[in-house]
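**Student:** Fold the stuff below for me.
(chains A and B)
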Amino acid sequence: MQHGKYRFIVGFLAVPLVIYAVFVISPFLQAIYYSFTDWTGLSPDFKMVGVGNYRKMFADDVFWKSVGHNVLLLLVLPLVTLGLGLFFAFMLNVGGRRRKNAAVAGVRGSGFYKVVYFFPQVLSIAIVALLFQFAYNPNSGALNSFLSAVGLDSVQPNWLGDPDLALWCVMAVMVWSNVGFYVVLFSAGMSSIPKDFYEAALLDGANRIQTFFRITLPLLWDTVQTGWVYMGIMALDGFAVVQIMTVGPGGPDYSTEVLAYFLYTKAFRDGQAGYATTLGVALLIVTMIFAGIVMKLGRRERLEF
Amino acid sequence: MGVAENGAESGAESGAETGAPVVDSPEGRMGTEGRFLNVFSHGVLILWALMVTLPLLWAVMSALKDDKSIFTSPWALPTSLHFDNWSRAWSQAHMSEYFFNSVVVVAGSLFGTMLLGSMAAYVLARFEFPGNRFVYYLFVGGMSFPVILALVPLFFVMKNMQLLDTYHGLILVYIAYSLPFTIFFLSGFFRTLPSSVAEAALIDGASHTRTFFQVMLPMAKPGLISVGIFNFLGQWNQYLLPAVLNVGDEDKKLLPQGLVALAVSQGYKGDWSGLFAGLVIAMLPVLAAYIVFQRQVQAGLTAGALK
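**Tutor:** This is a model prediction of the structure:
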């Protein structure tokens, strides 16, 4: 019996573990090793350069520019996306006309809204990025022609071609494609909050804004925190949107350059594989710092209900 | 976690109307506030619904126009329906090949992910052995690392194994990067299943393997569906991995990747209508499948974040 059990365990675990070790674990470990070498990626020869790549990275203006953009994304994206998600979910769940027996009610057609809001979530980020690349087109895109149609002929921004605007255009697309996910997520969380809580609060004379901040948000905090981590990881990536949508390498004048895309160009265009993995390690460190901060700030007493 | 709970939650949603009777507070104040709020909430909700749908509708409309009217009147309805854009994109612009390539790769990787993921998850969830926790956290830890960090060495691992630009190589990579979430989710699910059924099967003389495939796997069906949908969408929409690991032949590209390549080449040719048609061809099947299975898709995609 015992013998059979171990043979079974090994039989079931071996293949997944080997695949995982070869394609995930080993590249991660190699990345850290290569970050200390001058490997070009073009030839098999390389030598150790110690912290040379790291020194180079700290002196690299484009690196700091991309870190700045990633940090901006990290601050703005979760705030806007989760804020909109919470707002819409709250509207869906308690914005309804009062019915006879219930203190709070969802709006009519909340199912319909949730289906529509979720659309971008099932599309590939490549499709979304292309769609908005066309929409932002200053001459024939949906946005500028809409602006002229409503009489704003004088307002015809260059969108992705404008260095001051390009990064915000990228952010808007990331918000657009993710809000629906959080509406559905928070909505599921909200509908599991017992209605008595709302009833008691409303009886005590609280208005809906107070019930949101005093009841809904605290009870939903765990889910919000998870969402914050998800959104943060997305903000630290941004590769596909930047690569597909923005002009030139990382936007006009590097205005949309992010770490992930910078790494990609260094490795696969400039033949600096060693330096690229150094950038990857920096990205990993930023990710870990971010996750640590969220966990620390977010720690609250867990509310059971 | 899991579908059972999601079901309970959607149940609670519809239970809103049957809440306990409320002793009425000043009816007038609440009534006006409620009505105002109702109008306001519908207002903002409709606004966002328009913001989501209008870009998509614009793409569908543009896909049915000729090149000239895409530029001259982007928001006008198409005067005549140019379905020739679609056939041009489908056959001449390789969309059919991209589509077929995606089907092959995702079919293989989805099957492999589900099989290997459920096997590993089952063993890790229900068997005590030295190193169990270590292996579990090794897998689950993979969820929190940026894939792009592994990408450069992964490219050369694939190159040395001659797996670059091959379907089986991509399938293996897709499986490897889908395992962390699959194992995390399914082992949680297997832990909740009662052990009495499995024990009965073992006493009846079934082997561990047979017990797994014939007893436990069918019992885990709701969890498998959730994580299956999650993996299907993730793999079908995957852009980063093929963009780096599958750059050989033009006609071997996968759908999202091929579409981006198409945007570059058609952009030079000025075939915008064909390009929009390609975009819509890539977009519509997923949207249609989503509308049919919306409840399952929403539950599947949010399953990981709901604890």
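**Student:** Low-confidence regions, chain B specifically.
**Tutor:** B:1-34, B:268, B:306-307 (pLDDT under 70).
**Student:** for the stretch 101-250 of chain A, same thing?
**Tutor:** Residues of the stretch 101-250 of chain A that meet the criterion pLDDT under 70 lie in A:101-104.
**Student:** and A:Gly274, what does it touch?
**Tutor:** For A:Gly274, the contacting residues are A:34-41, A:46, A:49, A:53, by C-beta atoms under 8 Å, 6 or more residues apart in numbering or on different chains. Heads up, the C-betas are built off the backbone N, CA and C, glycines and all.
**Student:** State the phi and psi torsions of A:Met48.
**Tutor:** Note on A:Met48: its backbone torsions stand at phi -70, psi 140 [degrees, to the nearest 10].
**Student:** typo on my end, it should be A:Thr37
**Tutor:** phi -120, psi 170.
**Student:** ok, now B:Leu81?
**Tutor:** The phi/psi pair for B:Leu81 (degrees, to the nearest 10) reads phi -90, psi 110.
**Student:** Run a quick neighbour tally on it.
**Tutor:** Using other C-beta atoms under 10 Å in any protein chain shown, B:Leu81 has 11 other residues around it.
**Student:** Wait, it touches B:Leu64, no?
**Tutor:** Yes - applying C-beta atoms under 8 Å as the test, B:Leu81 and B:Leu64 come out as touching, 5.0 Å apart.
**Student:** My read is that B:Tyr136 contacts B:Ser187, right?
**Tutor:** Yes - if you go by C-beta under 8 Å, B:Tyr136 and B:Ser187 touch, sitting 7.0 Å apart.
**Student:** Nearest the geometric middle of chain A, what residue?
**Tutor:** By C-alpha atoms, centre = their mean, chain A has its centre lying nearest to A:Met234, at 2.4 Å.
**Student:** secondary structure element for that one?
**Tutor:** Taking DSSP states H and E as the criterion, A:Met234 maps to helix A:217-235.
**Student:** Quick check: the residue of chain B nearest chain A.
**Tutor:** Ranking the residues of chain B by distance to chain A (C-beta to the nearest C-beta) places B:Ser41 first, at 2.9 Å.
**Student:** Contacts only, for that residue.
**Tutor:** Here B:Ser41 is in contact with A:91-92, A:95-96, A:107 (C-beta under 8 Å, 6+ apart).
**Student:** just those now: which is nearest chain B?
**Tutor:** A:Gly95 (2.9 Å).
**Student:** which element is the spatially closest residue to that closest one that is not a sequence neighbour on?
**Tutor:** Nearest non-adjacent residue to A:Gly95, counting by C-beta to C-beta, 6 or more residues apart in numbering or on different chains: B:Ser41, 2.9 Å away. Element membership for B:Ser41, per DSSP H and E: helix B:27-63.
**Student:** what secondary structure does A:Thr256 sit in?
**Tutor:** Under DSSP: H, G, I helix; E, B strand; the rest coil, A:Thr256 falls in the coil class.
**Student:** Next one: the residue lying closest to A:Val241 once chain neighbours are set aside from A:Pro120, what distance?
**Tutor:** Excluding the flanking residues, the one nearest A:Val241 by C-beta to C-beta, 6+ apart is A:Ala129, at 4.9 Å. Per C-beta to C-beta, to the nearest Å, A:Ala129 is found 11 Å from A:Pro120.
**Student:** Looking at the two now, which is surrounded by more residues?
**Tutor:** Ranked by neighbour count (other C-beta under 10 Å), A:Ala129 and A:Pro120 place A:Ala129 first, with 26 against 21.
**Student:** Which helix or strand contains that one?
**Tutor:** helix A:125-135.
**Student:** Packing partners of that helix?
**Tutor:** Judged by 3 or more C-beta pairs under 8 Å, 6 or more residues apart in numbering or on different chains; DSSP states H and E, helix A:125-135 is in contact with helix A:142-149, helix A:166-191, helix A:239-245, helix B:27-63, helix B:255-269, helix B:272-292.
**Student:** buried set for it?
**Tutor:** Neighbour-count burial for helix A:125-135 flags A:125-135 (criterion: 16 or more other C-beta atoms under 10 Å in any protein chain shown).
**Student:** swap in stretch A:67-74?
**Tutor:** The neighbour-count check on stretch A:67-74 (16+ other C-beta under 10 Å) flags A:67, A:69-70, A:73-74 as buried.
**Student:** same thing with stretch B:159-173?
**Tutor:** B:163-167, B:169-173.
**Student:** cool, and stretch B:267-287?
**Tutor:** Neighbour count says stretch B:267-287 has B:271-283, B:286 buried, by 16+ other C-beta under 10 Å.
**Student:** Could you do stretch A:110-119 as well?
**Tutor:** Result for stretch A:110-119 [16+ other C-beta under 10 Å]: buried residues A:110, A:113-119.
**Student:** Now narrow these to whatever sits close to chain B.
**Tutor:** The subset of the buried residues of stretch A:110-119 within reach of chain B, by C-beta under 8 Å from any C-beta of the partner chain, is A:113-119.
**Student:** Take the residues you listed and keep only those in helices.
**Tutor:** Within these, residues falling in helices by DSSP state H are A:113-117, A:119.
**Student:** since we're on A:Leu219, how many residues are nearby?
**Tutor:** Number of residues near A:Leu219 (other C-beta under 10 Å) recorded here: 18.
**Student:** Using TSV, lay out the helices and strands packed on helix A:125-135 together with distance to B:Met143.
**Tutor:** Shown next, in TSV, are the helices and strands packed on helix A:125-135 (distance: least, C-beta to C-beta, whole Å):
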stretch	distance to B:Met143
helix A:142-149	36
helix A:166-191	17
helix A:239-245	18
helix B:27-63	28
helix B:255-269	22
helix B:272-292	24
